[in-house]
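> model this:
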Amino acid sequence: MELFSQALVSMTNLILFVFGVVFVYWWIWIPLFLFVVYAEALKKYNQKVYKNGLKWITYELRIPIDAHKSLKAMEQIFAGLHVVGQGSPPKNLWEKYKKWRDVFFKGKVPDWFALEIVGSGGEIYFYIRVIEKYKSLVEAQIYAQYPESELTPVTDYMLRFPTSLSYEDVNVNALELVFIKEDIFPIKTYPEFEEEGAGKDDVRRIDPLAPIAETLGGMGLSEFFGIQIVARSTGDAWVKKGQSAIDKLMGREEKKKTTFADSVFTGIESGARSVAGTVFEPAEPSKEKEEKKKEDKPFNQLNPGVQEIIKTIEKGTAKLAFEAGIRLVYIAPIDKYDDGRMRSIAGAFKQFATQALNGFKPGISTDISKGFNKARRSLKNKKKIYSRYRGRSFPDKPLVLNTEELTTIFHIPDVGVKTPALPRIETKKGEAPAGIPIV
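Coordinates of the predicted model:
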């Protein structure tokens, strides 16, 4: 009891001392604190101005009636779009300064694009929204793989909605999806939805967009459902995370990073020991401690399930990847609102999940069933997600999708998707026959 009292007194004295120092030296830390707050506010303001100044173009992607291509074609398109948001690392101090200046004073952020699937009035629409300077890039990539498709510039469909919705007239159900596990664990991708048929080129495909298309095609005239994916290229940091996970799965010893301070203190310590040994100890060869290193477990001796996970991680991290965010928004008048719409689409995203690897779960959602002020918190999330969807805002904490995963979620549906609401091009565009006289 006496020891506890002494410890309590010591803790109280320490707290009083800290508060005393803070109070006495307020003239140092308060200006510094205000400067940091001002600098962060200025940076965010400049970013807002920069984003508002970007010129966007919205394309409607119309699908050919006989689309029967492997989804590898769509994956090639995303590989070509990987330049969006890609920046070369600064090579020297001057380039680092210029990059910092552009970020802080000009508000520059990495470029991004949006992929959107919309169901409204019994029809389904596919949109690609990009910054205007990438117009030629998008057109070249789409027409190179799907020459019979149509890519038409249209007015942003979200302009039909006001900046702020009247929640007395309409209801909104919205959520943002996140991964269940770390980014390096992949989801179920399109090759796992395919199986070889009788012929060499005969591929039987269960299109993962089929259940989504069925739900979107059932939307009434006053209903709106949007699936939005915002994406930009990412570097190789997630590849290093994948290698670290593989090392753990194989029982490899984690390599500790040696900082500059560690090396300095190690040198001082070894020098002190050397001097002390020379003065106080007889000259004998120093004995080094033998450290037993963990031996790597051979791959073929691992559990078959672990082997499969390692192969999948290695395959996934070998592909180009994007930082991304996924949003689902359902808007309908209160008398036409159907709560099952969101459950159906969110349930369709469950098909991308596997128990051993990864899957999606709600991050921010309007469905709040726990805690206090549920109605107020739900309304706050409705406004937040709707605003982000309308502005195609990039998430603060994006998830990472490689080209194969992105293709699985967004692609041109196969002819096997028979939903009547899916508009397809019935006529092919072709060149004029040879030999026609020119007037």
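> SS state for residue 125?
strand (DSSP: H, G, I helix; E, B strand; the rest coil).
> what's the neighbour count on it?
Per other CB atoms under 10 Å, the neighbour tally for residue 125 reads 20. (C-beta placed from N, C-alpha, C; glycine too.)
> beta partners for the residue nearest to it when sequence neighbours are not counted?
Using CB to CB, 6 or more residues apart in numbering and skipping the chain neighbours, the partner closest in space to residue 125 is residue 118 (4.5 Å). Taking DSSP bridges as the rule, residue 118 bridges to residue 125, residue 226.
> so where do the helices sit in this protein?
With DSSP state H as the criterion, the chain has helices at 2-24, 26-52, 72-80, 93-104, 135-145, 210-217, 237-249, 260-280, 304-317, 340-348, 374-391, 403-409.
> now the shortest one: buried residues?
Buried residues in helix 403-409, counting neighbours by 16 or more other CB atoms under 10 Å, are found at 403, 404, 405, 406, 407, 408, 409.
> can you check the fourth one too?
Neighbour counts over helix 93-104 (16+ other CB under 10 Å) mark residue 103 as buried.
> the inter-axis angle of that helix versus helix 26-52?
For helix 93-104 against helix 26-52, the angle by axes from the mean of the first three to the mean of the last three CA atoms, to 10 degrees is 80 degrees.
> the fifth one now?
If you take the same axes, to 10 degrees, helix 135-145 sits at 50 degrees to helix 26-52.
> give the other helices and strands that helix 135-145 contacts.
The contact analysis (3 or more CB pairs under 8 Å, 6 or more residues apart in numbering; DSSP states H and E) places helix 135-145 against strand 56-64, helix 72-80, strand 123-131, strand 150-154.
> between the buried residues of helix 403-409, which is nearest residue 135?
residue 406 (20.4 Å; CB to CB).
> flag every buried residue along stretch 345-356.
For stretch 345-356, the buried set under the neighbour-count rule, 16+ other CB under 10 Å, comprises 345, 346, 348, 349, 351, 352.
> for the fourth one, give me the pLDDT.
This means residue 349. The per-residue pLDDT reported for residue 349 equals 93.
> with adjacent residues omitted, what lies nearest to it?
residue 360 (4.9 Å).
> tell me how many other residues crowd the one you found.
Neighbours of residue 360 (other CB under 10 Å): 19.
> residue 175 is in contact with that one, correct?
No: using CB atoms under 8 Å, residue 360 is not in contact with residue 175; the gap is 10.0 Å.
> is residue 172 in contact with residue 166, as I believe?
No: contact between residue 172 and residue 166 fails when scored by CB under 8 Å: they sit 10.7 Å apart.
> just the pLDDT at residue 432, thanks.
Value for residue 432, per-residue pLDDT: 42.
> wait, what's in contact with residue 206?
193, 194 (CB atoms under 8 Å, 6 or more residues apart in numbering).
> now do it against residue 71, distance only.
12 Å (CB to CB, to the nearest Å).
> repeat that for residue 111.
In terms of CB to CB, residue 111 sits 25 Å off from residue 71.
> show me which pair in the buried residues of helix 403-409 is furthest apart.
Based on CB to CB, the longest span within the buried residues of helix 403-409 runs between 403 and 409 and measures 11.3 Å.
> so where's the longest strand in this structure?
In the chain, assigned by DSSP state E, the strand with the most residues is strand 321-333.
> could you give the average pLDDT over that one?
On average, strand 321-333 scores 95.
> stretch 88-97: how far from the chain's middle?
26 Å (CA atoms, centre = their mean, to the nearest Å).
> ok, stretch 373-386 next?
Relative to its chain's centre, stretch 373-386 lies at 23 Å (CA atoms, centre = their mean).
> partner residues bridging the most centrally placed residue in the chain?
Nearest to the mean C-alpha position of the chain, by CA atoms, centre = their mean, lies residue 324 at 2.4 Å. Counting by DSSP bridges, residue 324 forms beta bridges with residue 231, residue 399.
> quick one: it from residue 210, how far?
Following CB to CB, the distance that separates residue 324 from residue 210 is 22 Å.
> same thing with residue 308?
Relative to residue 210, residue 308 is positioned 26 Å away (CB to CB).
> more crowded one of those two?
residue 210 (18 against 13).
> mind listing what the closest residue to residue 105 other than its chain neighbours touches?
Excluding the flanking residues, the one nearest residue 105 by CB to CB, 6+ apart is residue 46, at 6.4 Å. Each residue near residue 46 by CB under 8 Å, 6+ apart is listed here: 104, 105, 106, 107.
> what subset of the residues you listed is buried?
Buried among the contacts of residue 46 by 16+ other CB under 10 Å: residue 107.
> residue 237: which of the contacts of residue 46 is nearest?
residue 104 (22.3 Å).
> what about the closest residue to that closest one other than its chain neighbours, neighbour count?
Counting by CB to CB, 6+ apart, residue 43 is the residue found nearest to residue 104 once chain neighbours are left out, at 5.6 Å. Residues near residue 43, counting by other CB under 10 Å, number 14.
> and residue 43, what does it touch?
Counting by CB under 8 Å, 6+ apart, residue 43 makes contact with 103, 104, 107.
> dump the residues you listed to JSON lines, plus pLDDT and distance to residue 378.
Listed next are those as JSON lines, based on pLDDT from 0 to 100; distance: CB to CB, whole Å:
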{"residue": "103", "pLDDT": "87", "distance to residue 378": "35"}
{"residue": "104", "pLDDT": "86", "distance to residue 378": "37"}
{"residue": "107", "pLDDT": "88", "distance to residue 378": "32"}
